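Student: Predicted structure and sequence below. I'll ask about it afterward.
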Amino acid sequence: MLLRILGTAAGGGLPQWNCACPGCTGARREPARRRLHDGLAVHGTDPASWFLANATPDVAEQLESHPDLRPRADHARTPVVRVVLTDAELDHVLGLFRLREASRIEVWATVPVRRALLSQLRLGTVLAPYTPLIWHDLPLIGESGPATIAGLDVEALPLSAKRPRYAADEPADPAWSVALRVHDPHGGGTSLYAPALAAWSDAFAKEAAQADCLLLDGTFLAEDEPRRSGISERSASGMGHLPIEGPLGSAGRLSGSAPALSYYTHLNNTNPLTDPGDPGHERLARLGLRVAVERTVISL
């Protein structure tokens with residue numbers, strides 16, 4: 001199994017067009033610090049067969065950034081695209097509209113996510129004149145068994161009932177936001193991808209401990225970061241993201257038990273870790289943790 005890190009930023013990317021915070025200013029000054037929206041491309045044993053974990057507004061640029069994901073002369077100009085969604089947030093689904101040139105788009109999603117995209121965003125209505133949209137249920141761990149996508153076994157672990165703002169009137173459901181567990185039945189590797197982690201449950205701790213590679217919510221470094229930066233009156237966990245450091249932080253929970261390949265992703269523009277020189281990187285390294293770097297390829 002190969003994991004291609006396509007992007008590592010939270011909603012808005014880095015820099016955000018409407019922001020002059022230190023993180024955005026630094027990214028404008030130093031283009032190497034720019035980050036695209038968080039997302040992955042995942043390969044099975046066949047390098048020509050892959051799926052996207054989320055489809056971000058940057059999806060076209062992300063696919064172009066990896067030569068192996070570009071169309072080849074001996075392949076169809078408009079391939080089938082497979083997308084597995086962790087939630088219905090705009091920064092994870094807007095790329096579906098940009099993929100309208102595909103010969104068809106196959107989407108795996110939980111029931112509430114599918115309902116929101118069809119009824120609130122009208123995804124099916126908008127894409128119908130361009131390409132077929134094929135829906136598949138994203139199975140939950142412990143229920144019906146995994147879905148086989150690109151030769152890999154994929155299941156979802158419910159993490160949060162947090163709904164996107166445009167779907168605030170939709171019913172509550174613990175599967176609004178999920179982690180993806182991807183297992184390679186041939187090579188044996190397992191990855192766990194959780195770009196939005198609202199609480200550290202026993203079920204999540206179990207899956208994280210069993211994974212060979214963990215890609216984890218790194219939206220905020222500190223619990224009070226949203227308030228200090230002025231972006232919200234809520235705390236990090238109040239916004240649906242456990243902070244990295246502090247008493248509630250995921251770093252302390254992973255200390256001594258983190259998989260050998262453990263990366264933080266989905267960084268907000270206010271997160272000091274968007275600066276590669278921030279001392280927080282050294283603190284994480286001592287715990288065996290690191291911040292994901294875009295265009296990294298992880299082999300399991």
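Tutor: Sure, I can see it. Residues are numbered from 1 along each chain as shown.
Student: measure stretch 192-206 end to end?
Tutor: This stretch, stretch 192-206, spans 11 Å end to end (Cα to Cα, to the nearest Å).
Student: and Leu96, how far is that from Lys162?
Tutor: Distance check for Leu96 against Lys162: by Cβ to Cβ, to the nearest Å, it reads 20 Å. C-betas here are computed from N, CA, C, even on glycine.
Student: Between those two, tell me which one has more neighbours.
Tutor: Neighbour count, other Cβ atoms under 10 Å: between Leu96 and Lys162, Leu96 has more, with 25 against 16.
Student: what's the neighbour count on the closest residue in space to Leu159 that isn't next to it in sequence?
Tutor: What sits nearest to Leu159 in space, not counting adjacent residues and going by Cβ to Cβ, 6 or more residues apart in numbering, is Ser177, at 4.9 Å. Neighbour count for Ser177, taken as other Cβ under 10 Å: 30.
Student: For the stretch 51-200 of the chain, give me the ranges with low pLDDT.
Tutor: Across the stretch 51-200 of the chain, the ranges flagged by pLDDT under 70 are 74-78.
Student: Check the model's average confidence along stretch 41-50 for me.
Tutor: Confidence for stretch 41-50, expressed as mean pLDDT, is 87.
Student: cool, stretch 4-18 as well?
Tutor: 97.
Student: Which residue ranges of the stretch 151-300 of the chain form helices?
Tutor: Secondary structure of the stretch 151-300 of the chain by DSSP state H, counting those that start in this stretch: the helices cover 202-210, 225-229, 250-254, 280-285.
Student: Compare these and give me the one nearest Thr45.
Tutor: Of all those, helix 202-210 sits nearest to Thr45, with 21.4 Å by Cβ to Cβ.
Student: what residues does that closest one touch?
Tutor: Residues from elsewhere that reach helix 202-210, judged by Cβ atoms under 8 Å, 6 or more residues apart in numbering: 141, 157, 159, 179, 181, 190, 192, 194, 197, 214, 216, 253-254, 257-259.
Student: Could you list the buried residues of that helix?
Tutor: By neighbour count on 16 or more other Cβ atoms under 10 Å, the buried set for helix 202-210 is 204, 207-208.
Student: State the distance from the nearest residue to Ala175 once chain neighbours are set aside to Lys206.
Tutor: Excluding the flanking residues, the one nearest Ala175 by Cβ to Cβ, 6+ apart is Thr110, at 4.0 Å. Separation of Thr110 from Lys206 (Cβ to Cβ): 20 Å.
Student: Would you confirm that Asp68 contacts Pro47?
Tutor: Yes. Judged on Cβ atoms under 8 Å, Asp68 makes contact with Pro47 at a distance of 6.4 Å.
Student: Distance of Arg115 relative to Gly142?
Tutor: For Arg115, the distance to Gly142 under the criterion Cβ to Cβ works out to 22 Å.
Student: and these two? which has more neighbours close in?
Tutor: Legend: neighbour count by other Cβ under 10 Å for Arg115 and Gly142, higher for Arg115 (16 against 9).
Student: Tell me if I am right that the more buried one is in a strand.
Tutor: No. Counting by DSSP: H, G, I helix; E, B strand; the rest coil, Arg115 is located in no strand; its state is helix.
Student: For it, which residues are in contact?
Tutor: Glu170.
Student: need the strands for the protein, in chain order.
Tutor: Assigned by DSSP state E, the chain shows strands spanning 2-7, 39-43, 50-53, 80-84, 104-109, 133-137, 147-149, 152-160, 177-183, 190-194, 213-217, 261-265, 290-291, 297-299.
Student: To what extent is Thr25 buried, counted in neighbours?
Tutor: By other Cβ under 10 Å, 14 other residues sit near Thr25.
Student: My read is that it contacts Pro15, right?
Tutor: Yes. Judged on Cβ under 8 Å, Thr25 makes contact with Pro15 at a distance of 7.4 Å.
Student: Asn54 versus the nearest residue to Ile141 once chain neighbours are set aside, what's the distance?
Tutor: Leaving aside its chain neighbours, Ile141 sits nearest to Glu155 (4.6 Å; criterion: Cβ to Cβ, 6+ apart). Taking Cβ to Cβ as the measure, Glu155 falls 16 Å from Asn54.
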